[in-house]
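K.L.:
What follows is a predicted structure for the sequence shown.
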Amino acid sequence: MANMAQAIRMALHVGETQLGVTDIFGQDVGMPLGGVFTATQGLENTWNAPLDERGIVGAAIGLGLAGDRAVAEIQFCDYIFNTIDLLKMAGNTYWATNGNYNLPITLMTPVGAGIRGSIYHSHSFDAWASRLPGWKVVMPSNALDAYGLLISAIKDPNPVMFLKPKALLRVRGEELIPGEPESEKELKAMIDAPIGDRSNWKAKWPNTEIYEVPIGQGKVTREGTDATIVTYGRHVLMANTVADRMRDQGRSIEVIDLRSIYPYDWSLIKSSISKTGRVLFLNEDTEVTNFAEHLVYRCTQELFYELMARPRVLAGKNLPGIGLHANLEENSVPQERDIERELSELLEEVP
Amino acid sequence: MTRKKASKKKGKTSSPSRSKSKKAKKSATKKATKKSAAKKTTSRKKTTTSKQPPKKKLGSLELDKETLLGMHDLMVKSRKLEERMIQIYKRGDAYFWIGAPGEEAFGVALGMQIQKGQGPEYDYSHLHYRCTPTLIAMGMEMEPAIRLIMNKATDPCTGGRNFSNHYCFPEWNIVPVTSPIEVQYSAAIGTAIAQRRRGNKGISIVSGGDAGTAEGDFASSLIWSSRPGFELPMYITVQNNRWGISTDYGSQHGEKYIADRGRAFGMRTGYYNGNDPIETYLAIQDDMYYIRRNGLPVLAEFEVSRLYGHSSASGANPTGDVCCIELFEDKLLRHGILTKELIKERHDQYQEEARSVAEKVRTEADPQADTIWDNVWVDNENADWRKF
């Protein structure tokens, strides 16, 4: 099975060979490195940009205005903040021009903690991104979804932000990408650049299919009846683990992998909460004005009389950064133990 | 032409010799203004002739009569349109005015030479909010500008959503003018990359003011356009009116010329009297030829006037600054190309046209409130979260 970085690479290959992607660029995106997480190795249309995030986003906007299909990368979302006004501009271009110009661009950036990344390699961006109207925002939790969401992002005529959960980029999927070789070794030999001199190396791409995960469509990863967890990215894996553990204790937890942060799959969320009456919204961005708070608001507006307990948000603590030491990081963003504790309280609450 | 040869042709830049605030004091009366203008023009001739490519003697009447008369016609048309738009604001028919009076010499000279069309084979224009003269020179009529400032549903650029001078015409590669200062210098990188890839003669033109060059996007345009082996066909222009709203250039900029910043990147630079349409036209012609031929960037700075302040936020009242149209008319009169009668006729004609267009547009429909959700996304899917 491909890991998420390989899946992204294969989706980009499909993008540049079948979907008209003209440019895949950012700092260290081109060879020889092919991205700090190797997600852009071996592709034809990659190139290295100056260390200039504003230039990267601006260039992507310009390429979109010219009708080309660009996939740009900000190396870590921690360094995207000086582009906020350009992101706002990209999001409002179609609206501000009343439909004269659309921007078919994809912006990738790794997000979140979980790799001991210290203060400036652990940021999240999902809550920030959800406040950029005009953008679509997606975040996969596994290799197959990464492949399918990225292809959907590339095909979309609007700006799409593809948030890469950096802690999952080396995690192998449980489902094959259509056309992917079954052997991990075989795939590695085909598309992983060798250590050392890469000047004569060329990837041999498997013939993977155009597989799309529709933007705006979530997925139930664990079915349950007692409570619902709505999450995305690396916390899907944590939620699944906790749900499996609690199932052994006789509790039935439903887990929804939102996959798209905006637009989000409200009908899936709504139907699950209507069934369980209890919901925990889970992510690792900071907790104040967190995107989950919007979902809680909507939940109380539309499902108030169906709730059996107060809806909860479990998110990153509202801190200026994430400390490097494991004790600090793990006390800053939700861990399995925190999810289990919140769920226990949620399940025990009597209306 | 190789990059090395191109660098050899690079001209030196020189400085205007006075500060804006001193000049403003001198120009309290029309007479004083004319005196100041004459002094300013003379000093610019001295500074600019020494740094230009030698094949053109700038500042003389090197353009044919038809071109000169055409430039004058467009400059007057643009000015009368802008003055009408100020009136529209002052009469309460618009919330805000920002525009280009004083930049007609540059804007018209630029617009006359843009290769207009849609797609990367044509020029892309990343303009700022003082670009009415450029659009007029490209063939825009008065209606779109007035519909835009009046926020009418018929506004073809924004549908009533944005300020005056925030144009957008995809059919001419006029990409959206935005209010944030200098972001156009970053976006221009992208269209230039698209043009470089295709290898045709289309170039990406970007314009902006002097104050905005303090933003990082300006540096981005210099860095990205001059990467070795990946140079971009960008015409990076600065219209230096020596003001950033109320902050004068001299108090914030240590560099003698903004154009000098391009020299560090080995690119061709130029500094021009942007109040002289002939000098400006020839400079742009020369620069565009160079960019189209070599695929290399040029940074050109044009000194211009700001005749009605920054915008309606500062009252949109006359500043007494040098008027490029008056200077041009004086020159054309001296050379017998224009007559006083023709000048008056043109001014009257466009004043009346602007008035009648404004009256017509005033009666047009306003945007409907429920259109706010239109065009959030292509196909407008799921624009309102309440309807997901």
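P.N.:
Everything's here; your move. Residues are numbered from 1 along each chain as shown, chains lettered A, B, ... in the order given.
K.L.:
ok, which stretches of chain B are strands?
P.N.:
Taking DSSP state E, the strands of chain B run over residues B:124-126, B:204-206, B:234-240, B:243-244, B:247-248, B:268-273, B:298-303.
K.L.:
Which strands or helices does the second one pack on?
P.N.:
Taking 3 or more C-beta pairs under 8 Å, 6 or more residues apart in numbering or on different chains; DSSP states H and E as the contact definition, the neighbouring helices and strands of strand B:204-206 are strand B:124-126, helix B:183-198, strand B:234-240. All C-beta atoms are positioned from the backbone trio N, CA, C, and that covers glycine.
K.L.:
Next, format those as CSV and append mean pLDDT and mean neighbour count.
P.N.:
Below are the helices and strands packed on strand B:204-206 laid out as CSV (pLDDT from 0 to 100; neighbours: other C-beta atoms under 10 Å in any protein chain shown):
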stretch, mean pLDDT, mean neighbour count
strand B:124-126, 98, 31
helix B:183-198, 98, 28
strand B:234-240, 98, 28
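K.L.:
would you list these in CSV and tack on distance to residue B:258?
P.N.:
Converted to CSV, the helices and strands packed on strand B:204-206 look like this (distance: least, C-beta to C-beta, whole Å):
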stretch, distance to residue B:258
strand B:124-126, 17
helix B:183-198, 12
strand B:234-240, 5
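K.L.:
one step back: quick one, which of the strands of chain B gets closest to residue A:303.
P.N.:
Across the strands of chain B, residue A:303 has its closest neighbour in strand B:124-126 (47.3 Å, C-beta to C-beta).
K.L.:
Wondering if that closest one reaches chain A at all.
P.N.:
Yes. Using C-beta under 8 Å from any C-beta of the partner chain, a contact is recorded between strand B:124-126 and chain A, made by B:124, B:126.
K.L.:
The strands of chain B: which one's closest to residue B:326?
P.N.:
Across the strands of chain B, closest to residue B:326 is strand B:268-273 (C-beta to C-beta), at 14.5 Å.
K.L.:
which strands and helices sit next to the closest one?
P.N.:
Partner elements for strand B:268-273 (3+ C-beta pairs under 8 Å, 6+ apart): helix B:30-49, helix B:260-263, helix B:277-294, strand B:298-303.
K.L.:
The last one: partners in the sheet, and parallel or antiparallel?
P.N.:
The partner list of strand B:298-303 in its sheet, established with DSSP bridges, is strand B:234-240 (parallel), strand B:268-273 (parallel).
K.L.:
Can you give the distance of it from its chain's centre?
P.N.:
11 Å (C-alpha atoms, centre = their mean, to the nearest Å).
K.L.:
Closest approach to chain B from chain A, which residue is it?
P.N.:
The nearest approach of chain A to chain B comes at residue A:62, 1.9 Å away (C-beta to the nearest C-beta).
K.L.:
The helix or strand where that residue lies vs helix B:183-198, what angle?
P.N.:
Per DSSP states H and E, residue A:62 falls inside helix A:53-65. If you take axes from the mean of the first three to the mean of the last three C-alpha atoms, to 10 degrees, helix A:53-65 sits at 60 degrees to helix B:183-198.
K.L.:
Quick check: mean pLDDT of helix A:53-65?
P.N.:
What helix A:53-65 shows for mean pLDDT is 98.
K.L.:
what's downstream of it, the next helix or strand?
P.N.:
strand A:69-73.
K.L.:
May I have the residues that are in contact with residue 236?
P.N.:
Because you didn't say which chain, this covers chain A. A:141-142, A:221, A:255, A:257 (C-beta atoms under 8 Å, 6 or more residues apart in numbering or on different chains).
K.L.:
Actually, chain B is the one I wanted.
P.N.:
B:185, B:188, B:206, B:221-222, B:225, B:262, B:297-300.
K.L.:
between the residues you listed, which is closest to residue A:51?
P.N.:
Using C-beta to C-beta, the contacts of residue B:236 come closest to residue A:51 at residue B:222, 14.7 Å.
K.L.:
neighbours of that closest one, just the number please.
P.N.:
Neighbourhood size, residue B:222 [other C-beta atoms under 10 Å in any protein chain shown]: 19.
K.L.:
Go ahead and confirm it touches residue B:259.
P.N.:
No. Under the criterion of C-beta atoms under 8 Å, residue B:222 makes no contact with residue B:259, lying 10.8 Å away.
K.L.:
Mutual contacts of these two, please.
P.N.:
residue B:299.
K.L.:
list the contacts for the spatially most central residue of chain A?
P.N.:
Among the residues of chain A, the one closest to the centroid is residue A:139, at 1.7 Å (C-alpha atoms, centre = their mean). Residues in contact with residue A:139 (C-beta under 8 Å, 6+ apart) are A:111, A:126, A:162-165, A:232-233, A:258-259, A:261.
K.L.:
what do you get if the cut-off is 6 Å, keeping everything else the same?
P.N.:
A:163, A:232-233 (C-beta atoms under 6 Å, 6 or more residues apart in numbering or on different chains).
K.L.:
What of residue A:285?
P.N.:
A:124, A:126-127, A:315-316.
K.L.:
wait, which of those residues is closest to residue B:241?
P.N.:
residue A:127 (40.8 Å).
K.L.:
ok so that closest one is a helix residue?
P.N.:
Yes. Judged by DSSP: H, G, I helix; E, B strand; the rest coil, residue A:127 forms part of a helix.
K.L.:
Tell me the spatial nearest neighbour of the residue in chain B positioned nearest to chain A, not counting adjacent residues.
P.N.:
Nearest residue of chain B to chain A: residue B:190, at 1.9 Å (C-beta to the nearest C-beta). The shortest distance from residue B:190 to any non-neighbouring residue, by C-beta to C-beta, 6 or more residues apart in numbering or on different chains, is to residue A:62 (1.9 Å).
K.L.:
hey, where'd the helices end up in chain B?
P.N.:
Listed in chain order, the helices of chain B (DSSP state H) span B:3-8, B:20-26, B:30-49, B:65-90, B:104-111, B:132-138, B:142-149, B:183-198, B:216-225, B:260-263, B:277-294, B:324-334, B:340-362.
K.L.:
deepest of the ones you listed, which one?
P.N.:
helix B:104-111 (a mean of 30; mean count of other C-beta atoms under 10 Å in any protein chain shown).
K.L.:
one step back: export the helix holding residue A:62 to CSV, keeping only CA atoms.
P.N.:
The C-alpha trace of helix A:53-65 is given here as CSV (Å, rounded to 0.1, in the frame of the first residue of the first chain):
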residue,chain,number,x,y,z
GLU,A,53,5.6,32.6,0.1
ARG,A,54,3.9,35.7,-1.2
GLY,A,55,5.6,35.1,-4.6
ILE,A,56,4.5,31.5,-4.6
VAL,A,57,0.9,32.3,-3.9
GLY,A,58,1.0,35.3,-6.2
ALA,A,59,2.5,33.2,-9.0
ALA,A,60,-0.3,30.6,-8.5
ILE,A,61,-2.9,33.3,-8.8
GLY,A,62,-1.3,34.7,-11.9
LEU,A,63,-1.1,31.2,-13.5
GLY,A,64,-4.8,30.7,-12.6
LEU,A,65,-5.7,34.0,-14.2
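K.L.:
for it, packing partners?
P.N.:
Counting contacts by 3 or more C-beta pairs under 6 Å, 6 or more residues apart in numbering or on different chains; DSSP states H and E, helix A:53-65 is packed against strand A:69-73, helix A:84-96, helix B:183-198, helix B:216-225.
K.L.:
Take these and write them to JSON lines, including distance to residue B:66.
P.N.:
Shown next, in JSON lines, are the helices and strands packed on helix A:53-65 (distance: least, C-beta to C-beta, whole Å):
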{"stretch": "strand A:69-73", "distance to residue B:66": "43"}
{"stretch": "helix A:84-96", "distance to residue B:66": "38"}
{"stretch": "helix B:183-198", "distance to residue B:66": "30"}
{"stretch": "helix B:216-225", "distance to residue B:66": "34"}
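K.L.:
ok, now how distant is the closest residue to residue B:231 other than its chain neighbours from residue B:124?
P.N.:
Excluding the flanking residues, the one nearest residue B:231 by C-beta to C-beta, 6+ apart is residue B:296, at 5.0 Å. Residue B:296 sits 17 Å away from residue B:124, taking C-beta to C-beta, to the nearest Å as the criterion.
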